[in-house]
Structure formats: C-alpha cells, structure tokens
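# Show me how the following folds:
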Amino acid sequence: MTSEVCIVDLEGVAAEFTGYYGATDGSLIIRFDFAPNDRIGVWEIQVNEIASGKSSSGYVRLTVRIQLETLKLAKIAIQQTMNKGGAQ
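From the prediction side, this is the model:
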C-alpha cells in the first residue's frame, strides 16, 4: 500500500522526508534525522493511505540539543585546562 507522509515543522513547512512511501505487511517505518537548523518546537506527522483514504497524524517535539562537535570541543577545552594544572 502506498501512503503519503507529510512531516511539517511548526510553521507548516514540509521537511525533507515528506513524500510517498510503500508499506510492507501494513507497516511503515521511516527513520529521519533532524537537521541542526531545523526549528525547535512541535512538528506534525500526517499519514494518508492512498487506496483506502484513511489518515492519521501525530506529533513530535524537537527540543534543544547539543551538537556532537560542540561536545568534542568542550572535552578538548577541559583536557587542555587539566593539562595546564587548572583543575585541582
């Protein structure tokens, strides 16, 4: 079965993974990552099954997250401080 999946941000802008997907055995799994510049807030996921006309929707809240690169830089800064004798 083919379903139209719309993933929209809090301003109603469709995300990259919006599109048509085929379900296997009545199940559909879409894995997507939020981009660093995606808007923080509540996003809506809308699914419309084309053949039957059935639809459903749900919500996900994108919260503040710390980028992995930021964590690496913080770790380096801490290590440099400790190597200089800054931590007791």
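# So which residue is dead centre in the protein?
In the chain, the centroid-proximal residue (CA atoms, centre = their mean) is residue 34; its distance is 3.1 Å.
# so which helix or strand takes in that one?
Per DSSP states H and E: residue 34 is located in neither a helix nor a strand.
# Residue 78: helix or strand, and which one exactly?
helix 68-83.
# Rounded mean pLDDT for that helix, please.
The pLDDT scores in helix 68-83 average 65.
# before we move on, the earlier item: if the closest residue to the residue nearest to the centre of the chain other than its chain neighbours is in a bridge, with which residues?
Closest residue to residue 34 apart from its sequence neighbours, by CB to CB, 6 or more residues apart in numbering: residue 62 at 5.6 Å. Backbone N, C-alpha and C define where each C-beta goes, glycine included. Note on residue 62: beta-bridge partners residue 41, judged by DSSP bridges.
# Could you do residue 14 as well?
Bridge pairing for residue 14 - DSSP bridges - gives residue 8.
# isn't it right next to residue 6, touching?
Yes. Shown here, residue 14 and residue 6 form a contact pair, counting by CB atoms under 8 Å, at 6.1 Å.
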